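Engineer: next one to model:
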Amino acid sequence: MNSRIALALLPIALAASAAAAQNTPPAGDPKATEQWEPVPPVVTPGQRDAAPPSDAVVLFDGRSLDQWEASKDHSPAHWKAHDGMLTVDKATGNIQTRRRFKSYQLHLEWQIPKNVTGEGQARGNSGVFLASTGPGDEGYEVQILDSYNNKTYVNGQAASIYKQTPPLANAMRPPGEWQAYDIVWTAPSFAADGSLKSPAYVTVFHNGVLVQNHTQLQGETFYIGKPVYKPYVDAPIKLQAHGDPSAPISFRNIWVRPLD
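Structural biologist: Numbering: from 1, shown residues only. Sure, this is the predicted structure:
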């Protein structure tokens with residue numbers, strides 16, 4: 001092979017190598033980033049009205065999936081809209097908003113089926129990614145899980161910043177009842193060279209109980225390995241179709257108020 005042909009083929013080889021690296025499962029022990037103590041205290045939540053404010057962008061009104069797309073290929077979202085709610089279809093994968101956001105206020109309600117089975121992380125597992133930076137599980141995740149009398153690592157229970165920060169309290173209602181998240185997301189910012197200018201922060205109310213108080217994120221949330229920041233400008237909000245064997249969870253009353 002002459003040098004001109006070799007140089008012409010070099011970008012193709014580099015691209016193939018990068019693609020292979022992206023599809024390689026992460027190495028390491030996931031237990032290395034699990035925290036089990038101290039366990040957050042249990043708090044019984046009250047009731048509250050969460051009707052969308054007048055300036056909100058309604059992401060799911062109980063009927064239409066027009067605001068959503070499949071994360072893997074940007075095709076129309078194929079989860080099941082029925083009876084005023086949206087139920088996960090694990091076979092079609094994660095879904096994300098068609099619109100991209102920076103900082104915002106988000107409200108969503110979610111329900112673990114009353115007949116849920118399993119334990120630990122295999123019990124109604126899902127997540128809301130406040131900024132989805134890739135088609136898989138890349139980005140910044142607030143965990144969704146049945147944490148009602150269900151022991152797991154505390155930085156993986158409901159309302160945790162996944163594998164980073166446990167919630168201040170466990171405000172779960174029992175399976176079969178609707179849960180609510182109210183989230184204020186302050187997106188990270190990056191310099192022109194990709195370096196971090198300011199980190200991300202998140203405040204979370206779970207069923208009206210403050211569980212993350214302007215928590216600083218250490219980077220993107222990973223199942224295996226330490227968090228790191230990767231530069232981005234804006235990103236969709238993603239809902240996770242987790243692969244655990246539990247009955248699929250449902251969502252309703254999802255709205256967002258951009259804060260930029």
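
Engineer: and for S64, the neighbour number?
Structural biologist: S64: 12 surrounding residues under other Cβ atoms under 10 Å. For glycine as for every other residue, the C-beta is placed from the backbone atoms N, C-alpha and C.

Engineer: can you tell me the closest non-neighbouring residue to it?
Structural biologist: Closest residue in space to S64, ignoring its immediate chain neighbours: A81 at 7.2 Å, by Cβ to Cβ, 6 or more residues apart in numbering.

Engineer: my read: the one you found touches G62, true?
Structural biologist: Yes: contact criterion Cβ atoms under 8 Å: A81 and G62 qualify, at 7.5 Å.

Engineer: for W68, phi and psi?
Structural biologist: phi -120, psi 150 (degrees, to the nearest 10).

Engineer: which is the succeeding secondary structure element to the least confident helix or strand in the chain by mean pLDDT?
Structural biologist: None of the helices or strands of the chain scores lower by mean pLDDT, DSSP states H and E than helix 3-22, at a mean of 52. Downstream of helix 3-22, the next assigned helix or strand under DSSP states H and E is strand 57-60.

Engineer: what ranges in this protein fall below the confidence cut-off?
Structural biologist: Across the chain, the ranges flagged by pLDDT under 70 are 1-25, 43, 45-50, 243-246.

Engineer: span of stretch 172-182 from start to end?
Structural biologist: 14 Å (Cα to Cα, to the nearest Å).

Engineer: name the residues that touch it?
Structural biologist: With Cβ atoms under 8 Å, 6 or more residues apart in numbering as the test, stretch 172-182 has contacts from 45, 48, 50, 105-116, 124, 128, 142, 146-148, 158-159, 204-208, 252.

Engineer: and what of stretch 108-117?
Structural biologist: By Cβ under 8 Å, 6+ apart, stretch 108-117 touches 50, 59, 85, 123-124, 126, 128, 144, 146, 148, 175-181, 245-255.

Engineer: narrow the contacts of stretch 172-182 to those that are buried.
Structural biologist: Among those, those classed as buried by 16 or more other Cβ atoms under 10 Å are 45, 105-113, 116, 124, 128, 142, 146-148, 158-159, 204-207, 252.

Engineer: adjacent strands (with direction) for the strand or helix carrying D182?
Structural biologist: When elements are assigned from DSSP H and E, D182 belongs to strand 178-186. If you go by DSSP bridges, strand 178-186 pairs up with strand 104-111 (antiparallel), strand 201-206 (antiparallel).

Engineer: format those as a markdown table; extra columns: distance to H74.
Structural biologist: Shown next, in a markdown table, are those (distance: least, Cβ to Cβ, whole Å):
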| stretch | distance to H74 |
| --- | --- |
| strand 104-111 | 21 |
| strand 201-206 | 26 |
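
Engineer: before we move on, the earlier item: any idea how far the residue nearest to S64 is from H74?
Structural biologist: 19 Å (Cβ to Cβ, to the nearest Å).

Engineer: who's more crowded, the two?
Structural biologist: Using other Cβ under 10 Å as the criterion, A81 and H74 rank with A81 on top: 19 against 12.

Engineer: assumed that one was part of a strand.
Structural biologist: Yes: A81: assigned to a strand according to DSSP: H, G, I helix; E, B strand; the rest coil.

Engineer: contacting residues around it?
Structural biologist: A81 makes contact with F60, G62, R63, S64, L65 under the criterion Cβ under 8 Å, 6+ apart.

Engineer: so is the third one in a helix, a strand, or just coil?
Structural biologist: Under three-state DSSP, the three-state class of R63 is coil.
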